[in-house]
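In: With the sequence up front, the predicted model follows.
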Amino acid sequence: MLNVILALILGTLIGLILGLLVGIVGTMLGLRALNILKRKELQKKKMDEENKLAKDINFLYSKFKDVG
């Protein structure tokens, strides 16, 4: 009977430790994925802004070219 209780306690502890490790790894991967998505979003926003500036410069250049 004592062996059954010890096995139950040991199994529970091993399960808790494995669950904790899997939870930590899952959290780290989730945060990494969020960080990557945030970086991609910021990079896209920066590229859109650069494209807009380039279009504005080209537009102004064409207007001055027409005048001159």
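Out: Here it is on my side, so go on. Numbers count the residues shown, from 1 in each chain.
In: The helix or strand residue 45 falls within packs against which elements?
Out: Following DSSP states H and E, one finds residue 45 within helix 2-67. For helix 2-67, there is no helix or strand it packs on, judged by 3 or more C-beta pairs under 8 Å, 6 or more residues apart in numbering; DSSP states H and E. Quick note: C-beta positions are derived from backbone N, CA and C, even for glycine.
In: could you give the mean pLDDT of that helix?
Out: Across helix 2-67, the average pLDDT comes to 89.
In: roughly how far out does it sit from the chain middle?
Out: Going by C-alpha atoms, centre = their mean, to the nearest Å, the spacing between the C-alpha centre of helix 2-67 and its chain's C-alpha centre is 0 Å.
In: what's the answer for stretch 53-68, then?
Out: 39 Å.
In: Could I get the buried residue list for it?
Out: Residues of stretch 53-68 classed as buried: none (neighbour count, 16 or more other C-beta atoms under 10 Å).
In: CA atoms of that stretch as CSV?
Out: Output of stretch 53-68 as CSV, limited to C-alpha atoms (Å, rounded to 0.1, in the frame of the first residue of the first chain):
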residue,chain,number,x,y,z
LEU,A,53,8.1,59.9,-49.1
ALA,A,54,9.6,58.7,-52.4
LYS,A,55,6.2,59.2,-54.2
ASP,A,56,6.0,62.7,-52.8
ILE,A,57,9.5,63.6,-53.8
ASN,A,58,8.9,62.2,-57.3
PHE,A,59,5.6,64.1,-57.6
LEU,A,60,7.4,67.4,-56.6
TYR,A,61,10.2,66.7,-58.9
SER,A,62,7.8,66.2,-61.8
LYS,A,63,6.0,69.4,-61.0
PHE,A,64,9.2,71.4,-60.9
LYS,A,65,10.3,69.7,-64.1
ASP,A,66,7.1,70.8,-65.8
VAL,A,67,7.6,74.4,-64.6
GLY,A,68,11.2,74.7,-65.6
